[in-house]
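Asker: got a structure for you, letters missing:
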């Protein structure tokens, strides 16, 4: 009895001082129902992992879900009560750990039911993981829907066609990553910075469709120290300019090009800083989404663009070219700081 009480005391003491939690996901785990440390699916790990406890200094602990190489054909939902979760791909590259699903808006009953991974818990992080929606060029099909504050994605890939990444709420930081799509493939109303990221256009359309709804909102997308690439098939017949058709074909489609962005909502804000642009970028750069009134409210800007698509004199007259002084406010440490002085650069540096 005394031995049992001693073991119980040691266990409780360990739990009391526990902070971070590490669990493993792998296809070779045959069952996860009885376990608190190993699971066969990512969603099972999300549903049943132990919760982390605060560190000694009062900072929150973190749940690390360590994912073995493989393709995980599942949908993953990170609910609001699962905060400070990190998905860690344990492969050599993000191609080794893939979370995959295939749903388009027609199948799912709307765009916002198609996502492969949905994130609602604050403090989410992902490193060395691929997120994909394999529905193809069949309309809206989201790979990741992120509605969580203080999110970080490092060494990640996002693969889709239309509406690949729904960056919709809170502060989000994407670094050293790859995002692929064709039509409006980064959309929503988050305060997001994309640094050292490759945006790859796999069909004609627009790279961004940011949706700020009022001039006093701090939201917007900043693409900095990045590059835009393209694999648009210029031999294909032009698509219709009717943006209501499946696939969201836009004015850019008829020209076989990609554009920097168009306003999903009137006060859309997107800034490109020190970013290389491809030859098949539409020289106008930006589009008003067939509504001239958007030209008075949307804020679209560039600074230090390079590459064959860098052509400031050809841009729409209602866009902006920023001075070096104006650029400062949009750098990640400033644009994402918020009232709590969040430092996404320092947090991202802690990831592998």
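Answerer: Happy to help now that I have it. Quantities reported herein were computed from a predicted structural model and do not represent experimental measurements. Numbers count the residues shown, from 1 in each chain.
Asker: So, low pLDDT: which residues of this protein?
Answerer: 1-18, 32-34, 236-254 (pLDDT under 70).
Asker: quick one, helices of it?
Answerer: 2-17, 42-48, 105-108, 251-254, 324-327, 332-335, 344-349 (DSSP state H).
Asker: Which other helices and strands does the fifth one contact?
Answerer: Going back to what we said before, that points to helix 324-327. If you count contacts as 3 or more Cβ pairs under 8 Å, 6 or more residues apart in numbering; DSSP states H and E, helix 324-327 packs onto strand 299-303. C-betas here are computed from N, CA, C, even on glycine.
Asker: rerun that using 10 Å as the cut-off
Answerer: Contact partners of helix 324-327 among helices and strands, from 3 or more Cβ pairs under 10 Å, 6 or more residues apart in numbering; DSSP states H and E: strand 269-273, strand 299-303.
Asker: Next, the angle from the first one to strand 299-303.
Answerer: If I follow you right, that is strand 269-273. 0 degrees (axes from the mean of the first three to the mean of the last three Cα atoms, to 10 degrees).
Asker: So what are the sheet partners of strand 269-273 and their directions?
Answerer: The strands beside strand 269-273 in its sheet (DSSP bridges) come out as strand 220-224 (parallel), strand 299-303 (parallel).
Asker: okay, the ones you listed, which one's buried deepest?
Answerer: Stretch with highest mean neighbour count among those: strand 220-224 (a mean of 25; mean count of other Cβ atoms under 10 Å).
Asker: gap between it and the chain center?
Answerer: 12 Å (Cα atoms, centre = their mean, to the nearest Å).
Asker: picking up where we left off before, right, so of the helices and strands packed on helix 324-327, which gets closest to residue 100?
Answerer: Residue 100 lies closest, by Cβ to Cβ, to one member of the helices and strands packed on helix 324-327: strand 269-273, at 28.5 Å.
Asker: what separates the closest one from the chain centre, distance-wise?
Answerer: That offset, for strand 269-273, works out to 16 Å (Cα atoms, centre = their mean).
Asker: Also stretch 83-98?
Answerer: The answer for stretch 83-98 is 14 Å, by Cα atoms, centre = their mean.
Asker: could we number from 415 for the rest of this?
Answerer: Sure, I'll start numbering at 415, so the last one becomes stretch 497-512.
Asker: That one: which residues count as buried?
Answerer: Residues 497-505, 508, 510-512 are the ones in stretch 497-512 that count as buried (16 or more other Cβ atoms under 10 Å).
Asker: So for residue 715, what's the nearest residue that isn't a sequence neighbour?
Answerer: Leaving aside its sequence neighbours, residue 715 sits nearest to residue 734 (Cβ to Cβ, 6 or more residues apart in numbering; 3.9 Å).
Asker: isn't the one you found right up against residue 744?
Answerer: No: judged on Cβ atoms under 10 Å, residue 734 makes no contact with residue 744 at a distance of 11.6 Å.
Asker: Compare those two (neighbour count), which wins?
Answerer: residue 744 (22 against 14; other Cβ atoms under 10 Å).
Asker: Return the residues in contact with that one.
Answerer: 607, 634-638, 683, 685-687, 715, 717, 736, 750 (Cβ atoms under 10 Å, 6 or more residues apart in numbering).
Asker: Check residue 436 too.
Answerer: 451, 463-464, 466, 476-480, 500, 502.
Asker: what do you get if the cut-off is 8 Å, keeping everything else the same?
Answerer: Each residue near residue 436 by Cβ atoms under 8 Å, 6 or more residues apart in numbering is listed here: 451, 478, 480.
Asker: cool, residue 608 as well?
Answerer: By Cβ under 8 Å, 6+ apart, the contact set of residue 608 is 588-589, 591, 593, 600, 635-638, 640.
Asker: mind checking how far it is from residue 471?
Answerer: For residue 608, the distance to residue 471 equals 31 Å [Cβ to Cβ, to the nearest Å].
Asker: before we move on, back to that, and the helices and strands packed on helix 738-741 as TSV, adding distance to residue 440?
Answerer: Putting the helices and strands packed on helix 738-741 into TSV (distance: least, Cβ to Cβ, whole Å) gives the following:
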stretch	distance to residue 440
strand 683-687	39
strand 713-717	45
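Asker: Of those strands, which is nearest residue 581?
Answerer: Nearest of these (Cβ to Cβ): strand 683-687, 11.4 Å.
Asker: residues making contact with that closest one?
Answerer: Residues contacting strand 683-687 (Cβ under 8 Å, 6+ apart): 622, 624, 626, 633-640, 674-675, 712-719, 736, 741, 744-745.
Asker: how about a cut-off of 6 Å?
Answerer: 622, 624, 626, 634-638, 675, 713-717, 741, 744 (Cβ atoms under 6 Å, 6 or more residues apart in numbering).
Asker: before we move on, the earlier item: ok, and the most crowded of the contacts of residue 436?
Answerer: residue 478 (19 neighbours).
Asker: need the contact list for it.
Answerer: Residue 478 touches 436, 500, 502, counting by Cβ under 6 Å, 6+ apart.
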